[in-house]
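Colleague: this one's sequence-less:
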């Protein structure tokens, strides 16, 4: 009688890591951009800092513009001064250019 290997013991060439599978899924369903935009919103406190994040009411990205609504004139002024640095931090977080403009509401 011939020895049969169990199915899960047989290595296959198309085995990929979970990260590769998620990356492929994002590409196939064209969800990468939305995923990256939601990542920026989720990690806003880490990107900008807790003080400003607490005073931020609404964040969203549309047409490569980052829109941020704040409730304080002081915070609004601080964001306006550091506009370029914030765009750089957001793009660095994602790993490529996702935001080109920063709009403070």
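Modeller: Yes, it's here. Because the structure is a prediction, the values reported are computed rather than measured. Residues are numbered from 1 along each chain as shown.
Colleague: now the helices for this protein?
Modeller: 18-28, 32-42, 44-48, 50-54, 73-81, 83-94 (DSSP state H).
Colleague: among those, which is nearest residue 60?
Modeller: helix 32-42 (7.0 Å; C-beta to C-beta). For glycine as for every other residue, the C-beta is placed from the backbone atoms N, C-alpha and C.
Colleague: quick revisit: now the helices of the chain as JSON lines including mean pLDDT?
Modeller: Converted to JSON lines, the helices of the chain look like this (pLDDT from 0 to 100):
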{"stretch": "helix 18-28", "mean pLDDT": "89"}
{"stretch": "helix 32-42", "mean pLDDT": "92"}
{"stretch": "helix 44-48", "mean pLDDT": "95"}
{"stretch": "helix 50-54", "mean pLDDT": "93"}
{"stretch": "helix 73-81", "mean pLDDT": "95"}
{"stretch": "helix 83-94", "mean pLDDT": "96"}
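Colleague: got a markdown table for the ones you listed, with distance to residue 67 too?
Modeller: Below are the helices of the chain laid out as a markdown table (distance: least, C-beta to C-beta, whole Å):
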| stretch | distance to residue 67 |
| --- | --- |
| helix 18-28 | 23 |
| helix 32-42 | 11 |
| helix 44-48 | 12 |
| helix 50-54 | 15 |
| helix 73-81 | 12 |
| helix 83-94 | 12 |
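Colleague: save those helices as TSV, and put in distance to residue 63 and mean neighbour count too.
Modeller: Rendered in TSV, the data for the helices of the chain read as follows (distance: least, C-beta to C-beta, whole Å; neighbours: other C-beta atoms under 10 Å):
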stretch	distance to residue 63	mean neighbour count
helix 18-28	20	11
helix 32-42	11	15
helix 44-48	19	16
helix 50-54	23	13
helix 73-81	19	14
helix 83-94	14	15
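Colleague: among those helices, which is nearest residue 101?
Modeller: helix 83-94 (7.6 Å).
Colleague: tell me which other helices or strands that closest one touches.
Modeller: In this structure, helix 83-94 makes packing contacts with helix 32-42, helix 44-48, strand 65-70, strand 101-104, judged by 3 or more C-beta pairs under 8 Å, 6 or more residues apart in numbering; DSSP states H and E.
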